[in-house]
Structures are given as structure tokens and as C-alpha cells.
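Peer 1: Just the structure for this:
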Amino acid sequence: MADKHSVETIKKLFEAAKPRKFNESVEVALNLRDVDMSVPKNRVEEDVVLPKGRGKPIRVAVFASGELALKSRSAADLVIQPQEIEEYASDKRKARKLANSYDFFIAEAPLMPVIGKRLGIVLGPRGRMPRPVPPTMDPTNLINSMRKTVRVRSRDKRTFHVAIGTRDMAPEDLAENLDALMRRVVGKLERGRFNIQSAYVKTTMGPAVRYL
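Peer 2: Presented below is the predicted three-dimensional model:
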């Protein structure tokens, strides 16, 4: 069940943000304090499963052969065979389109070295490097979980944004997602809540409403 303050904040946001002709994203803007973001270990890089989902389709691609490829076909949006990796690597535009078209990638573990070497330059900076899995795994549950996952990446910035859903979701559901996200972020910071200077929620084109 969502925290009362979180629900009230989301409702206040909806009152402040006039409806648009498209389904806006709802996101949190976090501002950290007393954290040296030039030190890699202080950066926040987490995959957070939102209990009420993302509110929009999340696309997952799998690099796989054999058994894993067969098991992935019904669950993933795209299965990339090992021989296709070089096709993407040799065509920068095709590689960029792949990285921008899919939210998450999975790869059978033995393929990770070649993916890192040939496609890492495109996938890495976008936070799209695949999650390695055993070749014998059934990836269905992982893929379904990824469809409810948001990636939190502060990089070297003290201010960063994270999506928690879409405007057409119920305020209580967005609030529950907000709570789940904040728990994870606070848990990653050395001084927890004291390292957060402020937090705002906003829709894509609407005003920011203070949460913390």
C-alpha cells in the first residue's frame, strides 16, 4: 500500500498539470547533496522493479542461440542470433537503432565478450549492456520482470530523472511505484535520506511538484 504523502503528492501533481493530447510520462527528479559524484562508487546505478509496472510497453531483446533462443521467442520482442552480432557491429546506424529501440537486453553468458567488444561502444553509454544469463535458463520470468523495471542512472550528476509510470495510471499505483523507487535510491546512498536535497514529481510537460 502506498504512503499517504506519496498519494497526496501525485494527486497534487495531477491537479497542477493540465491534461495533454498524449499519455505523458510521470517522473521523479532527484537532487543529491554531500555526495562526490566524480567517485564511481557514489553513483546510483540500479534496476528497480516497479510494483505497478511502467504504464507503457517495455521492449526486451535477447542475444541467444540454441535452447535459450527457442525459449526466448515467445517472451522477448527480438531474438538476435550470434551470427547477427557482426551485422549490427559493422553498421553503426543499425546498431544505434537497435540500442534506441529496446529498453533492456539479455545475452547468454558465453556471448558477452563478443557483445562487449563489438557492440559495447553503442550499448554501454546508453545503459543498455545485456544482463548475462546461463544458456540453459528459461528467461520468461526475467523478461516479464524487466517489462516492469526502470533503470536508475545518476552518472556523474547530482540531479537525475527517473520514470515511475504514465499519466493514465491511478495516483495510488504511481505512488506505490514512487515509494519503491525511493526506498532503493535511499538504500544506495551513504547517508540515506540525508543525501537527498530535494525530490520533485512531474509529468512530461507539466510543472514540478515538490515531494521531499
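
Peer 1: And for stretch 88-107, what's in contact with it?
Peer 2: 58-64, 72, 76-78, 80, 87, 115, 118-119, 122-123, 126, 128-133, 139, 142-143, 146, 149, 151 (CB atoms under 8 Å, 6 or more residues apart in numbering). C-beta coordinates here come from the backbone N, C-alpha and C atoms, glycine included.

Peer 1: And the strands in this structure?
Peer 2: 25-32, 45-49, 60-63, 78-80, 104-108, 131-133, 149-153, 159-166, 196-203, 209-210 (DSSP state E).

Peer 1: re the thing from before, now list the buried members of the contacts of stretch 88-107.
Peer 2: Among those, those scoring as buried are 58, 60-64, 72, 76-77, 80, 115, 118-119, 122-123, 128-130, 133, 139, 142-143, 146, 149, 151 (criterion: 16 or more other CB atoms under 10 Å).

Peer 1: domain assignment for this structure?
Peer 2: 4-55+148-210, 60-146 (automatic domain parsing).

Peer 1: Dump the ones you listed into a markdown table; add mean pLDDT as well.
Peer 2: Output for the domains of the chain, formatted as a markdown table (pLDDT from 0 to 100):
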| stretch | mean pLDDT |
| --- | --- |
| domain 4-55+148-210 | 95 |
| domain 60-146 | 96 |
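
Peer 1: Setting aside sequence neighbours, what's the nearest residue to residue 134?
Peer 2: Ranked by CB to CB, 6 or more residues apart in numbering and with sequence neighbours excluded, the top spatial neighbour of residue 134 is residue 109, at 6.1 Å.

Peer 1: And for the one you found, the neighbour number?
Peer 2: 14 (other CB atoms under 10 Å).

Peer 1: By residue count, what's the longest helix in this protein?
Peer 2: Criterion DSSP state H: the longest helix present in the chain is helix 171-188.

Peer 1: Send me it as CSV with only the CA atoms.
Peer 2: Coordinates of the C-alpha atoms in helix 171-188 are reproduced here as CSV (Å, rounded to 0.1, in the frame of the first residue of the first chain):
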residue,chain,number,x,y,z
PRO,A,171,-2.5,8.0,-8.4
GLU,A,172,-2.3,5.2,-5.8
ASP,A,173,-0.4,3.0,-8.3
LEU,A,174,2.1,5.8,-9.2
ALA,A,175,2.5,6.5,-5.5
GLU,A,176,3.4,2.8,-4.9
ASN,A,177,6.0,2.9,-7.7
LEU,A,178,7.4,6.2,-6.2
ASP,A,179,7.7,4.5,-2.8
ALA,A,180,9.5,1.5,-4.3
LEU,A,181,11.9,3.7,-6.2
MET,A,182,12.7,6.0,-3.3
ARG,A,183,13.4,3.0,-1.0
ARG,A,184,16.0,1.7,-3.4
VAL,A,185,17.7,5.1,-4.0
VAL,A,186,17.8,5.9,-0.3
GLY,A,187,19.2,2.5,0.4
LYS,A,188,22.1,3.1,-2.1
